[in-house]
Every structure is written in C-alpha cells, then in structure tokens.
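Novice: I'll drop the sequence and a predicted model, then ask my questions.
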Amino acid sequence: MLDLGRIARGDFFRQREAGHEPAVDLGRGGDARRTEVAADHVVLRQLAAVDALFAEHALFALARGDDGKPLEFERIGENTTRSADVRIIAATNRDLEADVRDHRFREDLLYRLNVVEIRLPPLRDRPNDIIRLAERFLAFFSRTARRLVPELSPAAAEVLRAYPWPGNVRELRNAIERALILWPARVIEPAAFPERIAAQPSSAPQLGGNCALDAIEREHILRVIARTPTLDDAARILGIDASTLWRKRKKYEEQ
C-alpha cells in the first residue's frame, strides 16, 4: 500500500514504486531492493494528492500495461525493462471529477484508472454498519487487552447510531478503543464515549428508565440475534426455544 499523500512527488514515484539500483543514491532513504510492483496488487491511497510529474510517470507506466499485458517499468539507474502483472486499486476521499473540472487532477489519469468504480458512502449514511464495526473493534481491542469482550448497552448503541461520525471509521475505532480502556464494566454505557458522542439524544429503552418491559425485551433479543451466527445460538443464550425466538423476531420485523 502506497500513501500518495506522503510520496507522490515527481521522481519519487519511480524510486518508491519501482525501486532503484544500489549505485543510485537519491538521498531519500529509498531501499534499492524494494520493488512494490512485484506484488499481486498495488493500493494507491490519497490519489488526489499526486502532482503533475507523478501523474505523468503513472500514465506512462499504465499505458505500457494496456491490452491485458503486464505492466512494464524501469528502475532508476538501470536500462532493464521489468514487468509485473498487478491489479491497481486507487482510493481517494475527494470528488475527482470535480477536481478534473477545476484543473486539479488530470482527466486522462482519472479515466485510465477508473475501470470499476466502487463508491463507499460515509459511515453516517450506513447506520447498520456502525454497530457491527463497533462490536468488531470491541472484540479486537479486548483480545489486545486480554479481557472479556464487553457489550454495548442499548443506550450506547443508540448514541453511536445518532452521531454523524465526521472522522468515519477511524473516529469510531478510536472511540471504541477509548471506551475499552476507560470503562471496566462488562456493559458499555454512553458515558464511556467522548462527550461529543455521548451527548447524542437516545431513544433506546434503558434499564430503570421510563419504558415498558416489552421494549427492554425487544432490544435485548434483537441485540443478541445481531451478534450470534445463527438463530439457534441466540435462542440458547436467551434460554428460549428457537421457534419462539423466530416468532418474536418476525413480530419485531413487522412492527
């Protein structure tokens, strides 16, 4: 993976991407033995950060790999043409088509790279993914800390869904790591998160709050179903028959 926000400057593309001969001292800490394009794929992050000279080198290399042929390149300081059969994955958080219109990004490089486009919406537009990601981060950091994996309370899950996440997945990851460090209890409450997150309004039923018993049961059942691989596993945890659980889930889905 190459972070173009750090290295996308002129001939550094050729040094970092294709390598260089040991006799060539570029004075930038390059490793002559390193040849990134020898991998099966190359991930280019922060594509919008490239400058004009970098884009020129990239276009030249990509043009030599047209028609399904392996990509061809030369390392700085040698005359040998090398080849590599790689898949290039380019990522950016910018609107490159708008950058093309504003003359901040080369149109030919955009359409050279843009064969299959995958648009990933920001986390705030994917509320169903927020809790799944949060639970994965909880499991990961719990293994690192060698502690039991805590659960999110219904109220905590609600404030996570309500928060707009301007920092996307990285901000969520940091918030979960912080909660795991500062909150020793087995159930994580909104107070475990930074104030900007915990202050989000919550409509989730809370133990001891002004809500009906049915609302507490519904929230608990749906959360257990969400974190278990099968309905039978969820039924065993809840201590009820699987057919009963199936009927309850169907009822909740119809509400």
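Specialist: On my side now, so go ahead.
Novice: what's near enough to touch residue 139?
Specialist: Contacts for residue 139 were tallied using C-beta atoms under 8 Å, 6 or more residues apart in numbering; they are residue 149. The way it works is simple: take the backbone N, C-alpha and C, and place the C-beta from them, glycine included.
Novice: could you pull out the helices for the protein?
Specialist: Chain-ordered helices for the chain, with DSSP state H as the definition, fall at 4-7, 12-13, 52-63, 96-101, 107-113, 127-145, 154-162, 168-182, 195-198, 213-227, 231-238, 242-254.
Novice: Where among those helices is average confidence lowest?
Specialist: Taking the average pLDDT of each of these, the minimum falls on helix 12-13, with a mean of 48.
Novice: follow-up on the earlier one: go through the helices of the chain and name the closest to residue 189.
Specialist: Ranking the helices of the chain by proximity to residue 189 (C-beta to C-beta) places helix 154-162 first, at 5.5 Å.
Novice: tell me the centre residue of the protein?
Specialist: Per C-alpha atoms, centre = their mean, the C-alpha nearest to the average position across the chain is that of residue 169, at 5.8 Å.
Novice: doesn't residue 130 make contact with that residue?
Specialist: No. With contact taken as C-beta atoms under 8 Å, residue 169 and residue 130 are classed as non-touching, separated by 9.4 Å.
Novice: what's the overlap in contacts for those two?
Specialist: For the pair residue 169 and residue 130, residues contacting each of them under the criterion C-beta under 8 Å, 6+ apart are residue 123.
Novice: returning to what we had before: kindly reformat the helices of the chain as CSV containing distance to residue 84.
Specialist: Supplementary listing: those in CSV, determined by distance: least, C-beta to C-beta, whole Å:
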stretch, distance to residue 84
helix 4-7, 18
helix 12-13, 15
helix 52-63, 10
helix 96-101, 25
helix 107-113, 16
helix 127-145, 33
helix 154-162, 42
helix 168-182, 30
helix 195-198, 44
helix 213-227, 42
helix 231-238, 45
helix 242-254, 50
